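Q: My questions concern the predicted model and sequence given below.
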Amino acid sequence: MSYVARTADFHPHSTAPAPSARAIAAPRRSALRWLYDAVMLSRERQTQRDIDRLVSSRDGNFNDSLEREIAERSYSGGWGFHR
């Protein structure tokens, strides 16, 4: 059985240094990252609308054949996945 020593085992009165305010604050996203995230979110929403439209056209029954058709459309670019 292995044992990993903790700092407290060697220095009973030591504490970890407090993180700085800069380390606590969430990092800011660059404009390019913000744009990329917005485009990806838009594509994701469009894809979800396309899938919802297909499922509703099939009376809302989600079965293996419908799942296969969704996968084929997503891989072949039949939807907005590769726009």
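A: Arrived safely.
Q: From here on, just use CA atoms for contacts and neighbour counts.
A: Noted.
Q: burial measure for residue 69, as a count.
A: Counted with other CA atoms under 10 Å, the neighbours of residue 69 add up to 12.
Q: Name the residues of the one helix or strand residue 52 maps to that are buried.
A: Per DSSP states H and E, residue 52 falls inside helix 31-57. The neighbour-count check on helix 31-57 (16 or more other CA atoms under 10 Å) flags 43, 47, 51, 54-55 as buried.
Q: Any regions of the chain where pLDDT drops low?
A: The chain contains residues with pLDDT under 70 at 1-2, 5, 7-15, 78-83.
Q: 90 instead, please
A: Applying pLDDT under 90 to the chain picks out residues 1-29, 43, 46-47, 50-83.
Q: Relative to the whole chain's centre, how far out is whichever strand or helix holds residue 68?
A: Applying DSSP H and E as the criterion places residue 68 in helix 64-76. Relative to the chain's own centre, helix 64-76 is displaced by 21 Å; criterion: CA atoms, centre = their mean, to the nearest Å.
Q: Likewise for stretch 30-45?
A: Distance, stretch centre to chain centre, for stretch 30-45: 12 Å (CA atoms, centre = their mean).
Q: circling back to that earlier point, so the helix holding residue 68 versus helix 31-57, what angle?
A: 150 degrees (axes from the mean of the first three to the mean of the last three CA atoms, to 10 degrees).
Q: Buried residues, helix 64-76. List them.
A: Taking 16+ other CA under 10 Å as the basis for neighbour counts, the residues of helix 64-76 that come out buried are 70, 74.
Q: Can you tell me what sits against stretch 48-55?
A: Stretch 48-55 is contacted from outside by 61-62, 66, 70, 79, using CA atoms under 8 Å, 6 or more residues apart in numbering.
Q: Let's see it as CSV, backbone CA atoms only.
A: As requested, C-alpha coordinates have been extracted for stretch 48-55 and formatted as CSV (Å, rounded to 0.1, in the frame of the first residue of the first chain):
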residue,chain,number,x,y,z
GLN,A,48,-31.0,21.6,-32.7
ARG,A,49,-33.9,23.3,-34.5
ASP,A,50,-33.2,21.1,-37.6
ILE,A,51,-33.3,18.0,-35.4
ASP,A,52,-36.5,19.1,-33.6
ARG,A,53,-38.1,19.8,-37.0
LEU,A,54,-37.2,16.3,-38.2
VAL,A,55,-38.5,14.6,-35.1
